[in-house]
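K.L.:
Kindly generate the corresponding structure for this input.
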Amino acid sequence: MRQLLQEHTMEIRPMVALRAALVGGVAAFAKIAGAMKAAGGVKVGAAAAAMTAAATAAVSGKDAAGSKQKLPFSIACNLYVSSVFLLGDGGAYPGLTQWMVVAGGQHPNEVTLVAALSAIGQMGLLALGRRVHRYVADGGVGGSVSLANALIDMFGKFGCVPSAREVFDGMAVKDVYSWTTMVNVYAKCGYLESAAQLFEDMPRRNAVSWSCMIAAYSQANQPEEAVRLFKKMIEENVEPINATLVSVLPACAQLGCLDLGRWIYDNYIVSGKAVLTVNLGNAFIDMYAKCGDLDAASRLFAEMGERNVVSWNSIVMAHAVHGQSEQVLHLFEQLKGTGIVPDEITFLGLLSACSHSGLVSEGKRYFKEMKMGYQIEPKAEHYACMIDLLGKSGLLEEALEVAKGMPMEAGEAGWGALLNACRVHGNVEIGEFAADKLVKLDPVDSGIYVLMCQIYASKSKWDQVKMLRMLMRDKGVKKNPGCSSIEVDGKFHEFLAADVSHVHSEVIYAALKNIYYHLKLEGYVPLT
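P.N.:
The predicted structure follows:
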């Protein structure tokens, strides 16, 4: 350990790993962690002495005050000692020899190394992880499936896919968790095709394997594949676990598959097959809200026995998206009374609600409160909400000043909000400024040109409209066709503008024509 610390001149943080391994741990460890945090980090000698004292108390079953402890800590002590031993400093610290005896020998065992690899991944100590790998490869300890799985997982946390695959390929025996861990490494590191191929090659799968692949598709913005795989899982009579449902519900939300979301709730929550944990409840709330069933989202939120800040954020965002600003503000006041501290997502929901309803003074107050009251530094998304709020309210000059004064680049969201506000209010000058910023970010975004054409047209500047359309043609910029989707009888249907590929396209277009006719009778005029 001394050599590694000298090479990197870093401060040791063993408490991070030990606290992770000892959830709900011991008072002695908590005190040391607090002291280390207050001191801003403890050097090797002090850390070693502190850990030795704490471990002594843990193994003896008592803390410094003589109180009895409830958890066995031999493995935790072994973890710390083995880390020192592997780094070639086996006798450097007081009491180390006695810890090796307590741990059960002069060399770390497999249980210790599995725990150590987990801690190494959490602490970001890749160099130490590679030393453990070499130690195992050199025969320092008998290899096992569990140890190899831990090595694959550790390398995956650092994005070292080739190293993870090397361990995987070198395994004489693989269990279902070996395959699942490797699939997860591929997925988390962006190799989705490799993950899918390995998943298909698995000789045996369990619910964790299916959940891992469904989550991979969902997180990679491939909701159709996530839903397809979930349905295949059901067809093969594999019972989903909570992780499966938490992974597939965001895909349902993205596709608008409300019927499937309701089926999942009825078949697994109402039936009692799955437990409605906080995370699962949050996923259901988000799915209901994004699929338009705000009543179901609100009802589920009210019925949840336990909530966290994500629960509150989910319901706040749900009402914000549906333009129910009064309910959002009421929820925020309720949240403050629970003792749960709002975070940046909470304020994003608040600002979005204010933007939807044009609540300028309230929006300014919340924007100030998040900085001054909660010490939350606004991100680009928060500034974009303020630009949108001010712009929609006609305060275009003020919105422009906010965009210019941001500590980061306004980006597509900020300048896009300003450009759209200029379209609403017909402001050519600021619109051109915002459009120039957006074109620099994405020269082939057809939406920029379309919005500017609308702004020019609103002021009868037909020459500029003509020039813009010529510019679009010369640059090869084409307006992306509109896309919409709908779920009917559990089946997902997607449509593009002017698309006639659907089997019922004639009936669909006849119905649309009838709707358009009645809209015109009511006085509605399309924007484009």
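K.L.:
use CA for all of it now, contacts and neighbours both
P.N.:
Noted.
K.L.:
low-scoring pLDDT stretches of the stretch 1-150 of the chain, where are they?
P.N.:
1-108, 140-143 (pLDDT under 70).
K.L.:
Apologies, that question was intended for the chain.
P.N.:
Checking the chain against pLDDT under 70 turns up 1-108, 140-143, 477-503, 525-528.
K.L.:
That one: strands as residue ranges?
P.N.:
483-488, 491-496 (DSSP state E).
K.L.:
measure Phe284 to Tyr524 for me?
P.N.:
Distance of Phe284 to Tyr524, given as C-alpha to C-alpha, to the nearest Å: 36 Å.
K.L.:
An error on my part: the question was meant for Lys379.
P.N.:
From Lys379 to Tyr524 the distance is 37 Å (C-alpha to C-alpha).
K.L.:
Neighbour count for those two, which is higher?
P.N.:
Lys379 (14 against 11; other C-alpha atoms under 10 Å).
K.L.:
for that one, phi and psi?
P.N.:
phi -100, psi 180 (degrees, to the nearest 10).
K.L.:
and the gap between it and Ala410?
P.N.:
10 Å.
K.L.:
got the domain boundaries for the protein?
P.N.:
As assigned by automatic domain parsing, the chain contains the domains 1-143, 483-521.
K.L.:
Spatially nearest residue to Pro240, not counting backbone neighbours?
P.N.:
With C-alpha to C-alpha, 6 or more residues apart in numbering as the criterion, Pro240 has its nearest non-adjacent residue at 5.9 Å, and that residue is Ala207.
K.L.:
In contact with that neighbour: list those residues for me.
P.N.:
Val238, Glu239, Pro240, Ile241, Thr244 (C-alpha atoms under 8 Å, 6 or more residues apart in numbering).
K.L.:
What is the burial count for the fourth one?
P.N.:
Residues contacting Ile241 under the criterion other C-alpha under 10 Å number 16.
K.L.:
check contacts around the closest residue to Asn279 other than its chain neighbours.
P.N.:
The spatial neighbour of Asn279 that comes closest, neighbours along the chain excluded (C-alpha to C-alpha, 6+ apart), is Val246 at 7.2 Å. Neighbouring residues of Val246 by C-alpha under 8 Å, 6+ apart: Asn279, Leu280, Ala283.
K.L.:
ditto for Tyr268
P.N.:
Ala274.
K.L.:
what about Lys174, distance to Val167?
P.N.:
For Lys174, the distance to Val167 - C-alpha to C-alpha - is 11 Å.
K.L.:
out of these two, which sits in the busier spot?
P.N.:
It is Val167, of Lys174 and Val167, that has more neighbours when counted by other C-alpha under 10 Å, with 20 against 16.
K.L.:
my guess is that one meets Met154, correct?
P.N.:
No - the pair Val167 / Met154 is not scored as a contact, 10.9 Å apart, by C-alpha atoms under 8 Å.
K.L.:
Okay, the residue of the chain positioned farthest from its centre and His518: tell me how far apart.
P.N.:
What lies farthest from the middle of the chain is Asp463; by C-alpha atoms, centre = their mean that is 46.6 Å. Counting by C-alpha to C-alpha, the gap from Asp463 to His518 is 34 Å.
K.L.:
cool, and Val136?
P.N.:
75 Å.
K.L.:
Same check on Arg165?
P.N.:
Arg165 is 61 Å from His518, by C-alpha to C-alpha.
K.L.:
In terms of neighbours, single out the busier of the two.
P.N.:
Arg165 (17 against 12).
K.L.:
residues in contact with the more buried one?
P.N.:
Counting by C-alpha under 8 Å, 6+ apart, Arg165 makes contact with Ile152, Met182.
K.L.:
can you check His504 too?
P.N.:
Taking C-alpha under 8 Å, 6+ apart, one finds nothing in contact with His504.
K.L.:
and if you look at Val328?
P.N.:
Val316, Met317, His319, Ala320, Gly349, Leu350, Ala353.
K.L.:
rerun that using 7 Å as the cut-off
P.N.:
Val316, His319, Ala320, Leu350, Ala353 (C-alpha atoms under 7 Å, 6 or more residues apart in numbering).
K.L.:
how about these, which pair is most distant?
P.N.:
Maximum pairwise distance among these (C-alpha to C-alpha): 9.7 Å, between His319 and Leu350.
K.L.:
Of these two, give the one with the bigger neighbour count.
P.N.:
Leu350 (28 against 24).
K.L.:
Name the nearest residue to that one, sequence neighbours excluded.
P.N.:
Going by C-alpha to C-alpha, 6+ apart, Leu350 has Val328 as its nearest residue, at 6.6 Å.
K.L.:
Buried ones in stretch 429-442, by neighbour count?
P.N.:
By neighbour count on 16 or more other C-alpha atoms under 10 Å, the buried set for stretch 429-442 is Ile430, Gly431, Glu432, Ala434, Ala435, Lys437, Leu438.
K.L.:
er, stretch 298-306 I mean
P.N.:
Going by neighbour count (16+ other C-alpha under 10 Å), the buried part of stretch 298-306 is Ser298, Leu300, Phe301.
K.L.:
so can I have TSV of those residues showing distance to Tyr288?
P.N.:
Formatted as TSV, the buried residues of stretch 298-306 follow (distance: C-alpha to C-alpha, whole Å):
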residue	distance to Tyr288
Ser298	9
Leu300	9
Phe301	11
